[in-house]
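Asker: Turn this into a model:
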Amino acid sequence: MRSLFDYFVLLLKGMAMGAADVVPGVSGGTIAFISGIYEELLETINSVNLGALKTLKKEGVKAAWKSINGNFIVTLFLGIGISIASLAKLISYLLEAHPILIWSFFFGLVLASIVYVGKQVKSWNIGTVVSLIIGTGLAFWVTVLPPMTNSNELWFIFVSGMIAICAMILPGISGSFILLLMGSYQAVLGAVKDKDLLTIGVFMAGAVIGLLSFSSVLKWMFTKYHDLTIAVLTGFLIGSLNKLWPWKETISTRINSHDEVVPFIQENMLPVDGGGNPHIIIALLFCVLGAAIIFGMELVSKKMKKA
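Answerer: Numbers count the residues shown, from 1 in each chain. Below you'll find the model as predicted:
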């Protein structure tokens with residue numbers, strides 16, 4: 001039985017997931033995993049099924065609400081929604097104004113997450129190592145795919161929602177980055193900024209269908225092949241570091257929905273190769289800050305479990 005304080009902490013975890021999901025390259029699933037709610041999230045999503053409707057019909061609203069862990073899912077998604085609505089503009093601004101520092105922060109965050117998630121593998125062997133390599137290669141491949149051109153068609157927004165939500169609940173695979181690759185990131189982020197309820201609604205409808213479909217597969221994988229699944233997810237995190245490398249060279253640009261010139265295709269480079277001030281020292285500090293937050297969350301999670 002969760003207390004009011006527990007739900008407040010859960011709301012904060014949801015807000016952290018929402019903030020991560022806004023950034024191309026960072027996964028809200030990573031935050032869910034390191035904050036200790038990942039498997040409960042999968043179980044809760046899977047509980048929203050025909051069985052819940054039968055419970056509603058036979059035993060009433062209260063029993064059905066309890067069967068789907070309603071308080072948990074509403075609190076978590078409320079936090080995600082608050083974060084996306086309030087932080088979308090801020091994070092977009094920070095990525096444009098201080099890209100090296102922000103990417104350094106997330107690089108450190110994911111780097112520490114690799115250590116945390118990897119420790120969840122109970123037994124490392126040939127199978128888990130191969131799974132780790134496969135996950136790393138797949139995630140790296142995704143980060144080097146060329147983005148598609150923007151599409152604002154509602155059917156495409158719906159499909160984008162289905163695919164992106166699957167990535168969002170996978171640690172190491174960024175739903176925002178998938179949207180960027182599909183060419184619908186600008187349309188979705190613009191809809192949030194401009195409060196375009198139709199586009200948001202279509203995207204959410206696709207996300208709900210994708211979430212309910214994919215979560216059952218992921219839960220089955222956790223149940224049957226726990227260590228192999230965790231190893232693959234750890235590989236996803238390692239491969240995603242390619243996208244999060246702070247120092248990038250812009251190869252081509254595009255015009256966004258506000259008629260602004262923004263980077264379209266970028267390649268990683270060494271800090272000393274770009275000219276200007278690479279901000280190496282402060283970038284390292286932000287990287288350490290990101291890692292410290294993850295290790296701090298792990299420490300707090302352990303203490304809360306003992307309490």
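
Asker: In the stretch 101-250 of the chain, what residue spans correspond to helices?
Answerer: 126-143, 154-168, 175-182, 185-194, 197-224, 226-244 (DSSP state H, counting those that start in this stretch).

Asker: between those helices, which gets nearest to Ala291?
Answerer: helix 226-244 (12.5 Å; CB to CB). Where C-beta positions appear, they are placed from N, C-alpha and C, glycine not excepted.

Asker: Now the closest one: buried residues?
Answerer: 227-244 (16 or more other CB atoms under 10 Å).

Asker: Now do stretch 283-300, average pLDDT.
Answerer: On average, the pLDDT along stretch 283-300 is 86.

Asker: which of the residues in it are buried?
Answerer: In stretch 283-300, counting by 16+ other CB under 10 Å, buried: Ala283, Phe286, Cys287, Gly290, Ala291, Ile293, Ile294, Met297, Glu298.

Asker: List just the nearest of the residues you listed to Lys13.
Answerer: Nearest member of the buried residues of stretch 283-300 to Lys13, counting by CB to CB, is Met297, at 9.0 Å.

Asker: For the protein, identify the residue most remote from the centre.
Answerer: Ranked by distance from the centre of the chain (CA atoms, centre = their mean), the top residue is Lys58, with 36.9 Å.

Asker: Could you tell me the average pLDDT over the strand or helix carrying that residue, please?
Answerer: Assigned by DSSP states H and E, Lys58 belongs to helix 50-59. Helix 50-59 carries an average pLDDT of 85.

Asker: got it, and stretch 236-252?
Answerer: Stretch 236-252 comes out at a mean pLDDT of 84.

Asker: For it, C-alpha coordinates in PDB please.
Answerer: This file holds the C-alpha atoms of stretch 236-252, laid out as PDB (Å, rounded to 0.1, in the frame of the first residue of the first chain):
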ATOM      1  CA  PHE A 236      20.900  -0.700 -26.300                       C
ATOM      2  CA  LEU A 237      22.300   1.800 -23.700                       C
ATOM      3  CA  ILE A 238      25.900   1.300 -24.900                       C
ATOM      4  CA  GLY A 239      24.900   1.700 -28.600                       C
ATOM      5  CA  SER A 240      22.900   4.900 -27.800                       C
ATOM      6  CA  LEU A 241      26.100   6.700 -26.500                       C
ATOM      7  CA  ASN A 242      26.900   7.300 -30.200                       C
ATOM      8  CA  LYS A 243      23.900   9.600 -30.500                       C
ATOM      9  CA  LEU A 244      24.700  11.300 -27.200                       C
ATOM     10  CA  TRP A 245      28.300  12.200 -27.900                       C
ATOM     11  CA  PRO A 246      28.500  16.000 -27.100                       C
ATOM     12  CA  TRP A 247      30.700  17.200 -29.900                       C
ATOM     13  CA  LYS A 248      29.100  17.100 -33.300                       C
ATOM     14  CA  GLU A 249      29.800  18.500 -36.800                       C
ATOM     15  CA  THR A 250      26.700  19.500 -38.700                       C
ATOM     16  CA  ILE A 251      26.700  18.000 -42.200                       C
ATOM     17  CA  SER A 252      23.300  19.400 -43.400                       C
END
